[in-house]
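Colleague: Sequence plus the predicted model coming up.
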Amino acid sequence: MKTVKMLLIFVLALVFALSIAFIGCRAQPEVEAPAEEVAAESDAYDYYEMLNEHAMTTDEPYPDSPAEGHTIAFTDIMGGIPFTANVWDSVQREWERAGGASGDLYYADNQYDATMGLQNADILLAREPEVLIWFQFDSRVNAIVAQKFGDAGIPIIAVDVPVPGAPFMGVNNFQAAYMAGEKAIELVEDQGGIETIDNIVLMQMPAGGEVTMLRSEGFYQAFVDVYGADAIDPITIRADGGAGEAEEANAAMADVLASVPDAENFVLTSINEQTMDGCISAIQTAGRWDPDNWIIITQGVDDVGQAQIREGLTDAGIAYFPERYGEYLVPAALSFLQGHAVPPFMYVDNEVITAENIDEWYPQ
């Protein structure tokens, strides 16, 4: 019995001690980070922000010619189309403003082709640029490129499609898609509500990975938030529009139309305006084109998108301003070159462009 009592006393004492320790731990106030650490964190991107602001607010050369004597490389997702032509022009302009020589800005065209992207990566890697600006659609290829350049110690800046471990410059895809959805909902309400819509078509690009898929899933979510999933899910059609070109999107849209032969009133969105070009062509070929029956919102508002809006083929587009991408990309590259930190995300500002306001943003 004495042994049992001693054991009981020991257990009670242990419980009491642990309770005191627990209370003591909970009573400890949160320790704030030293003021100098907070300041250092907030100032981490000062150099990038200074260059970015300079690029966006003045036509003057960059102070101290930070690109002079350095080399960087740029790959195009698909050379020659309006959106990417604007991006490349802006990168060249900002590089020259920063004092960089044109021969020190290497270029390769990935041609919307995964194999070509891998070949270009190897070619550029052999040239040993100090920074790579990588614009390529296939997320699997991007992971391989991240490994190759990471092993070589060459930093990457990803454009529009993420690259593992690299700062991302481009669009907040979910936010831009949600904006498009809100505009579409406004037009749906103008014509009598969701009951008037037979189908909502999301022309997607699965090859671009989850982040790029948000460019249409945000559109879907805007509808769900207003009307509820029970109303939206049965009428939503998701289609693989390919890698962002008209030909694949044309075939995908033809299949969608064949699957809903009796549908008349549609809401349609796509990942870019080249894709939408193929979709509209398929609709016209099928004899189902009537602007009054289609609410169409695009993404990008490049030269093709501007023409679509002005010709009444689309109702609105979310502008990405590709002609200003260089104002983010080159300051980011320069920050790497000068040993400064680069923000993990560099998002462009977006605007809803319609026939009513297009001349304010893109005067003819």
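Modeller: Arrived safely, thanks for sending.
Colleague: My read is that G208 contacts R140, right?
Modeller: No: here G208 lies out of contact with R140, judged by Cβ atoms under 8 Å, at a distance of 10.4 Å. Backbone N, C-alpha and C define where each C-beta goes, glycine included.
Colleague: So which of the two has more stuff around it?
Modeller: G208 (24 against 10; other Cβ atoms under 10 Å).
Colleague: show me what contacts that one?
Modeller: F137, D138, S139, V161, A243, I271 (Cβ atoms under 8 Å, 6 or more residues apart in numbering).
Colleague: Which of these fall within helices?
Modeller: S139 (DSSP state H).
Colleague: among the contacts of G208, who's most crowded?
Modeller: Tallying neighbours with other Cβ under 10 Å puts I271 at the head of the contacts of G208, with 28 neighbours.
Colleague: Report the contact partners of that residue.
Modeller: M203, Q204, M205, G208, T212, R215, S216, G241, G244, Q299.
Colleague: Please pull out the lowest mean pLDDT helix or strand from the chain.
Modeller: helix 2-27 (a mean of 37; mean pLDDT, DSSP states H and E).
Colleague: How many neighbouring residues does A126 have?
Modeller: There are 7 residues near A126, going by other Cβ under 10 Å.
Colleague: er, P63 I mean
Modeller: P63 has 11 nearby residues by other Cβ under 10 Å.
Colleague: quick check, it in a helix?
Modeller: No: with DSSP: H, G, I helix; E, B strand; the rest coil as the criterion, P63 is located in coil rather than a helix.
Colleague: quick thing: my sequence starts at 11, can you match it?
Modeller: With 11 as the first residue, the last one maps to P73.
Colleague: Look up how far D53 lies from it.
Modeller: 18 Å (Cβ to Cβ, to the nearest Å).
Colleague: now the contacts of G218 as CSV including distance to A111 and pLDDT?
Modeller: Compiled in CSV, those are given as follows (distance: Cβ to Cβ, whole Å; pLDDT from 0 to 100):
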residue, distance to A111, pLDDT
F147, 29, 82
D148, 31, 85
S149, 33, 82
V171, 28, 88
A253, 33, 75
I281, 35, 88
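Colleague: related to what we said a few turns ago, could you dump the contacts of I281 to TSV with secondary structure, distance to H64 and pLDDT?
Modeller: TSV is the format used below for the contacts of I281 (DSSP: H, G, I helix; E, B strand; the rest coil; distance: Cβ to Cβ, whole Å; pLDDT from 0 to 100):
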residue	secondary structure	distance to H64	pLDDT
M213	strand	38	94
Q214	strand	37	91
M215	coil	34	85
G218	helix	32	73
T222	helix	30	76
R225	helix	30	86
S226	helix	35	90
G251	coil	38	87
G254	coil	32	73
Q309	strand	28	94
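Colleague: which among the residues you listed end up buried?
Modeller: Among the contacts of I281, those buried by neighbour count (16 or more other Cβ atoms under 10 Å) are M213, Q214, M215, G218, T222, R225, S226, G251, G254, Q309.
Colleague: so where's this structure shaky on pLDDT?
Modeller: 11-52 (pLDDT under 70).
Colleague: Going by residue numbers, what spans are helices in it?
Modeller: Under DSSP H, the chain gives helices at 12-37, 45-52, 56-67, 92-107, 124-137, 149-161, 183-200, 220-237, 239-242, 256-269, 283-295, 313-320, 336-347, 368-371.
Colleague: In TSV: those, plus distance to Y357.
Modeller: Shown next, in TSV, are the helices of the chain (distance: least, Cβ to Cβ, whole Å):
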stretch	distance to Y357
helix 12-37	40
helix 45-52	19
helix 56-67	12
helix 92-107	15
helix 124-137	24
helix 149-161	19
helix 183-200	8
helix 220-237	12
helix 239-242	27
helix 256-269	26
helix 283-295	20
helix 313-320	19
helix 336-347	9
helix 368-371	18
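Colleague: Tell me how many other residues crowd I204.
Modeller: 17.
Colleague: Nearest spatial neighbour of it, chain-adjacent residues omitted?
Modeller: Closest residue to I204 apart from its sequence neighbours, by Cβ to Cβ, 6 or more residues apart in numbering: Y237 at 4.9 Å.
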